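1. how would this look folded up:
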Amino acid sequence: MITSAPLEDLASYVPALILRRMAADMGTTMSPSVERFPAAALFADLSGFTALTEQLSLHNPAGTEELTQILDLYFGHLVRVVAAHGGDVVKFAGDGLLALWYGDEGLPQLAQRAMQCGLSVQMMMSPEVWGSFDGTRAPAPLKMRVGVGAGDVTTMHIGGIFGRWELLVTGEPVEQTSMAEAQARPGDVVIAAEAWPLVAECCVGEPLPSGAVRLGSLTDYLPMRGLETPLLRADMADVLRSYLPKAILARMDAGQTAWLAEQRQVTVLFVNLPGLRADTPLRQAQKLMRTIQSMLYRFEGSISRLGTDSKGPTLVAALGLPPLSHENDPERGVRAALAIQSALADMGFACAIGVTTGDALCGAVGCAARREYTMMGLIVNRSARLMQAAAAQAAHDGGAALLCDAATAHATHHALRFERLPPLALKGVSELVPVYRPLSDEAAQQRQGPDAHTGALIGRARELAMIETMVGDLSQHGHGGTMLIEGDEGIGKTRLIEALHAAARGAGLPVFAGAGSPVDAAPYGAWRSIFGALIPTDGHAERAGWAAETLGEELAPLAPLLRAVLYIDLEDTSITAQMDGQVRADNTRDLLVRLLAQATRSSPLVITIEDSQWLDASSWALLLAAAERVDRLLLAIAARPMPDTPPEYQRLAYLPDTRRVQLSGLEPEQVRDLLAQRLEVDSVPREVWQLIASRSRGNPFFSEELLHTLRDSGLILVSGRESHVVAGAGDPLHVLNSVRLPSTVQGLITSRIDRLSPAQQLTLKVASVIGQGFTLSTLSAIHPVERDPGRLVDQLFTLQQAGLVLIESFDPELAYTFKHAVAAEVAYNLMSFRQRRQLHRSLAERYEAGGEGVTAANAAQLAYHWRQANDLPRAMGYLAMAGEQALRAGAYSEAGGFLREAIQIAEGLPGAAAPDLATRARWEQQLGEAHQGMTG
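-> Down below sits the predicted model:
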């Protein structure tokens, strides 16, 4: 049993229904199962939530978090009310929840309890009652619609791939609640027509045209009876974990339950499954769920939830949730959607899918008794709306029921083809939404144009000379070798590989290229394209005599082993039929090495492998064997930093003919030349290239992406062969600080962070609050979980190996710095605003307690941290101090900035917190002196 998370925490993420099942059968293993029982159901949904999401999130970076806090308050109180009435919250559904009443009472009593709970819920939503909870007032003018139904409920426990199980709750009562809720006005409780006869004697209501009844008041009342849950046992832990997403388990085990929330860029899939209903045979339902799991897990996606409404079950999935984010998550999401759609069609199941990409706050909502890990944000709501639109369009024109938003299509247009459709009006969205339909999962041609690799390779003269030497040795003397090209994302490994290809072809050498894939980890995945080019089958591999003609008489009996690298269907020979396990693997590798050696007899070869950090073990073993045993072969292998370096890579590095190239960032002047090349101008303004060089640390890809950000923001104007900063467009530093990192850069860094343990990730986030540089003592002082310096040093050592931080100094104390400023920015932006405020407050308090006195430097620093902690009065005071000290030092520009900001804060503070008139007058006078100093 692998768990360190408290049982109570694990149990809070599953309904009592699951706990009772575990307690009843004493089971600690899982298998598909179905159960049917009478129950009353209640569905409660917040009215106007989509519109509020748009309102809060569209132009407010913290809007999604404010929204989540609102939802957390509502759900927390709602869960308590439901439990007090004996209900079991079985499913959360975005801005709603589904509760069941079941057990030893008759269906009329269960339905009455659900109805009584509905009235209590609506009473709770009134501002007068809401304000009495925890001293809070209703944070937004939201109301709730409630639907109640009753009948036979069906539950299925399905899935099981990688030990992950899903609970499906369906049946007539669930469908009734959805239809009843849809007829309710905000503030109403509507009883489904089928349930009304069960409760008609104890209440009065208004009949609706559908037969449902809008509840008015009660004429009889059942005494409240709270929800009873079984005692938890230690042997329940593994089963409980099987219902929880991997995104939270690792952090819960690390004691970071309070640090689950993250701001992440994700690709969201809403998949409607109208054919999965209560009467679906368990075997079919199990096959369907395992198919969806297989398709999603193939692309390293995650299932967020499986819920049910009037349209049938809807599955919500995401690409980019921890611990499996990738820079190409939008592409993975679309490919997963296409794969799901195709696989379900083969099974005879229809589905409708909506796919969106963007920022979401990922974390827990609810309370300690019952909660759910969920995603909140514009893109989540829009994915659901696109799913509904896809189903409607498919019903209308028979087309594929799969729609994507513009962000997803734009992020994947280099790899997939899309049809642009007329924009749609979506419920709760104020503007028309552009939509796209993926036409197929066939790869499009690589994008060419301004962003393609063009122009001379800047800043790599030494590496280019090495390439020329190695290619010359191979072409003139047949002397091969291995080149290991190492470096961070975007540092230029691919450009060097391209330069090698050009040099080799210029020397008349055949070039074959392969690459590791984060999607396809099948054995020899990187070698398939290489052997496919070396050994063309032309569809004739199954023809008699092909093996002997192609491989020669000696190797022909081993031809079936080529199924590992070629798409051929050769039956085993008498020799290969006897091979299995390690024997077959060894013989396959030996055959491939012999074929490579055979190919080099007619001409030396160049083989390049990119993205080797994703290579499978078989590909690594073949690489090493080829380097050791094949002459007249030049291997070039490109890799990002790998915390767990394969042993084959280490052996390759120490072969006598291996040359190791470790790429570092460009010098500032080289960044300048690169930017000029990309803009096709003679020069770039100094303030622009110096700023980009500093922020990117010389990373070419990051530099180009930041340049595009400034250009697209309208700050840089290109005219002919000249470029300049547009007057009035703003300060370049301010623009770069206010515009979010390009998604490509963010995805690359997030992917690397996700490969760390939860403890290492949290340490990186805490360090990002301190700044570009940080000391061990400060990190230890404000870390919310780990205060032991020794363990922090161990974590920081791993961060060094991952290429994220560097040791800056040992004396007078151990100090570190982020290797790239963008890494600090991405780590910082992963945190929720609440988490950031907590850490900034801790840091400001530490600096205040430091005893060094307030200087111009640390007054500004304290002002920044108090402002980020949202303590504006303290920030204002330190800004004024910083301004006064800067004024005395003659730093008039800085003084003006500090004082202006202090005055702006003062203007927004309530009376008691605002400075007195004399203080304001002094600041205004000092601001005037600063202006006078600047103007001379």
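2. give me the buried stretch members for the longest helix along the chain, please.
-> Of all segments of type helix in the chain, defined using DSSP state H, the longest is helix 63-84. By 16 or more other CB atoms under 10 Å, the buried positions in helix 63-84 come out as 63-79, 81-83. For every residue, glycine as well, the C-beta is placed using N, CA and C.
3. same check, this time on stretch 789-796
-> 792, 795, 796.
4. same deal with stretch 385-398?
-> Neighbour-count burial for stretch 385-398 [16+ other CB under 10 Å]: 385, 386, 387, 388, 389, 390, 391, 393, 394.
5. do the same with stretch 554-570
-> Neighbour-count burial for stretch 554-570 [16+ other CB under 10 Å]: 555, 557, 558, 559, 560, 561, 562, 564, 565, 566, 568, 570.
6. residues making contact with it?
-> Applying CB atoms under 8 Å, 6 or more residues apart in numbering, the contact partners of stretch 554-570 are 523-524, 527-528, 530-532, 535, 537, 541-542, 546-548, 550-551, 571-576, 579, 584, 587-588, 591-592, 594-595, 618.
7. drop anything exposed from these.
-> Judged by 16+ other CB under 10 Å, buried ones among the contacts of stretch 554-570: 523-524, 527-528, 530-531, 535, 537, 541, 546-547, 550-551, 573, 576, 579, 584, 588, 591-592, 594-595, 618.
8. so which of these are in strands?
-> Per DSSP state E, strands hold no members of the buried ones among the contacts of stretch 554-570.
9. which residues sit in contact with the residue nearest the centre of the chain?
-> With distances taken as CA atoms, centre = their mean, residue 320 lies nearest the centre of the chain, 2.4 Å away. Counting by CB under 8 Å, 6+ apart, residue 320 makes contact with 264, 265, 266, 267, 326, 329, 747, 750.
10. for the fourth one, pull up the helix or strand it's in.
-> Right, residue 267. Assigned by DSSP states H and E, residue 267 belongs to strand 262-272.
11. who does that strand touch, helix- and strand-wise?
-> Here strand 262-272 touches strand 312-319, helix 329-346, strand 352-366, helix 378-397, helix 743-754, helix 821-830, going by 3 or more CB pairs under 8 Å, 6 or more residues apart in numbering; DSSP states H and E.
12. what's the distance between the closest residue to residue 867 other than its chain neighbours and residue 845?
-> With CB to CB, 6 or more residues apart in numbering as the criterion, residue 867 has its nearest non-adjacent residue at 3.9 Å, and that residue is residue 875. Distance of residue 875 to residue 845, given as CB to CB, to the nearest Å: 13 Å.
13. picking that back up, give me the phi and psi for the residue nearest to the centre of the chain.
-> Per-residue torsions, residue 320: phi 110, psi 0 (degrees, to the nearest 10).
14. and the closest residue to residue 899 other than its chain neighbours, how many neighbours does it have?
-> What sits nearest to residue 899 in space, not counting adjacent residues and going by CB to CB, 6+ apart, is residue 883, at 3.8 Å. A count of neighbours around residue 883, defined by other CB atoms under 10 Å, yields 29.
15. after the longest helix of the chain comes which helix or strand?
-> Sequence order places strand 88-93 as the next helix or strand after helix 63-84, per DSSP H and E.
16. tell me the strands beside the helix or strand that comes right after that following strand, with direction?
-> Using DSSP H and E, the helix or strand that follows strand 88-93 in sequence is strand 96-101. Note on strand 96-101: by DSSP bridges, its sheet partners are strand 33-47 (antiparallel), strand 88-93 (antiparallel).
17. rebuild the ones you listed as CSV, extending it with mean pLDDT, distance to residue 295 and mean neighbour count.
-> CSV is the format used below for these (pLDDT from 0 to 100; distance: least, CB to CB, whole Å; neighbours: other CB atoms under 10 Å):
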stretch, mean pLDDT, distance to residue 295, mean neighbour count
strand 33-47, 92, 23, 22
strand 88-93, 91, 23, 22
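18. reformat those as CSV; add distance to residue 889.
-> Converted to CSV, these look like this (distance: least, CB to CB, whole Å):
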stretch, distance to residue 889
strand 33-47, 54
strand 88-93, 56
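19. so which of those strands gets nearest residue 158?
-> strand 33-47 (8.6 Å; CB to CB).
20. how far off centre is the closest one?
-> 31 Å (CA atoms, centre = their mean, to the nearest Å).
21. next one: residue 699 from residue 849, what distance?
-> Distance of residue 699 to residue 849, computed by CB to CB: 37 Å.
22. compare the two (neighbour count), which wins?
-> residue 699 (27 against 8).
23. look up phi and psi at the more buried one.
-> Recorded main-chain torsions at residue 699 are phi -70, psi 120, according to degrees, to the nearest 10.
24. tell me who's in contact with it.
-> So residue 699 contacts 488, 489, 490, 491, 665, 666, 820, 822 (CB under 8 Å, 6+ apart).
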